[in-house]
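Chemist: no sequence on this one, just coordinates:
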């Protein structure tokens with residue numbers, strides 16, 4: 001099996017299409033990040049892409065945007081894991097971890113430890129959800145509105161709060177938040193952010209962006225003192241409905257598997273879990 005590096009996100013999306021588009025719901029993370037880099041190449045300071053091929057047929061795809069772990073798409077062949085391990089031990093010897101759907105994440109981690117002796121642990125477990133038809137929730141007070149450049153200070157605060165609450169185990173770089181906001185609000189941005197407001201006061205937030213095969217929804221954040229009133233449910237339902245009405249074949253989102261409330265909310269809206277995604281860290285067994 002041959003692993004080939006690719007020069008950019010557009011080349012990756014084209015070459016890896018047989019793998020990524022085989023299941024766009026399960027592979028919405030690499031599809032979304034690659035599309036974001038096509039739209040806004042400055043979203044990440046570095047980006048690396050690979051495909052694995054057997055007898056000329058692409059059967060695996062992976063990417064990395066340091067300092068984050070490698071992202072592995074669902075492979076079409078078990079031997080893809082060993083092929084990427086052989087490549088990364090040379091090309092990415094200090095790899096901090098891997099994010100992939102199970103069982104591939106754990107299999108990659110076991111193979112990495114067998115090859116390098118470096119231990120691993122699962123730091124974040126997420127449910128991967130997809131939806132094609134919205135089930136409207138019980139109506140909450142308020143309405144949705146698009147975020148504007150004037151909302152940037154609030155976006156910074158809430159995105160920071162979301163990261164502190166839900167993504168503590170994820171490595172971050174200093175410019176990540178600003179680039180993430182720019183990617184959805186700056187010139188040429190394909191996505192956006194939407195607030196739920198009550199009497200002109202923002203009470204919940206979600207982001208969204210179109211990707212090949214659908215649209216990604218998230219992050220979803222409601223300040224703790226505004227929770228339990230149905231704001232996030234109504235916001236996600238409205239944004240998802242608009243994306244589907246605008247032509248997205250499906251909407252995708254991720255949830256923290258340790259948060260039964262959010263998982264139940266999204267299921268009630270019509271989202272169905274299609275996979276379990278693990279972020280695995282190397283070299284930190286504690």
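Modeler: Cool, the structure landed. Source: prediction; values computed, not measured.

Chemist: So which residues of the stretch 101-250 of the chain form strands?
Modeler: 120-131, 143-146, 192-198, 201-211, 214-221 (DSSP state E, counting those that start in this stretch).

Chemist: Next, format the ones you listed as JSON lines and append mean pLDDT, distance to residue 281 and mean neighbour count.
Modeler: No exception for glycine: its C-beta is placed from N, CA and C like everyone else's. JSON lines is the format used below for those (pLDDT from 0 to 100; distance: least, Cβ to Cβ, whole Å; neighbours: other Cβ atoms under 10 Å):
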{"stretch": "strand 120-131", "mean pLDDT": "95", "distance to residue 281": "5", "mean neighbour count": "20"}
{"stretch": "strand 143-146", "mean pLDDT": "96", "distance to residue 281": "36", "mean neighbour count": "14"}
{"stretch": "strand 192-198", "mean pLDDT": "97", "distance to residue 281": "29", "mean neighbour count": "20"}
{"stretch": "strand 201-211", "mean pLDDT": "96", "distance to residue 281": "25", "mean neighbour count": "21"}
{"stretch": "strand 214-221", "mean pLDDT": "95", "distance to residue 281": "21", "mean neighbour count": "22"}
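
Chemist: now the angle between strand 120-131 and the strand or helix carrying residue 264, please.
Modeler: Per DSSP states H and E: residue 264 is located in helix 260-269. With axes from the mean of the first three to the mean of the last three Cα atoms, to 10 degrees as the basis, helix 260-269 and strand 120-131 are set at 30 degrees to each other.

Chemist: For helix 260-269, buried residues please.
Modeler: 262, 263, 265, 266, 267, 269 (16 or more other Cβ atoms under 10 Å).

Chemist: What angle do strand 201-211 and the lowest-mean-pLDDT helix or strand in the chain make with each other?
Modeler: Least confident helix or strand, the chain: helix 176-185 with a mean of 80, by mean pLDDT, DSSP states H and E. Angle, helix 176-185 to strand 201-211, by the same axes, to 10 degrees: 70 degrees.

Chemist: re earlier: ok now the helix holding residue 264, how far from the chain's centre?
Modeler: The gap between where helix 260-269 is centred and where its chain is centred comes out at 18 Å by Cα atoms, centre = their mean, to the nearest Å.

Chemist: what mean pLDDT would you report for that helix?
Modeler: What helix 260-269 shows for mean pLDDT is 93.

Chemist: One more: stretch 20-35?
Modeler: Here the average pLDDT along stretch 20-35 is 96.

Chemist: how far out from the middle of the chain is that stretch?
Modeler: Mean-position distance between stretch 20-35 and its chain equals 9 Å (Cα atoms, centre = their mean).

Chemist: got it, and stretch 84-93?
Modeler: For stretch 84-93, the distance to the chain centre is 23 Å (Cα atoms, centre = their mean).

Chemist: Show me which residues of that stretch are buried.
Modeler: 84, 85, 87, 88, 92.

Chemist: does the first one count as helix, strand or coil?
Modeler: This points to residue 84. helix (DSSP: H, G, I helix; E, B strand; the rest coil).

Chemist: what about the closest residue to it other than its chain neighbours, distance to residue 12?
Modeler: Closest residue to residue 84 apart from its sequence neighbours, by Cβ to Cβ, 6 or more residues apart in numbering: residue 62 at 5.6 Å. According to Cβ to Cβ, to the nearest Å, residue 62 stands 9 Å off from residue 12.
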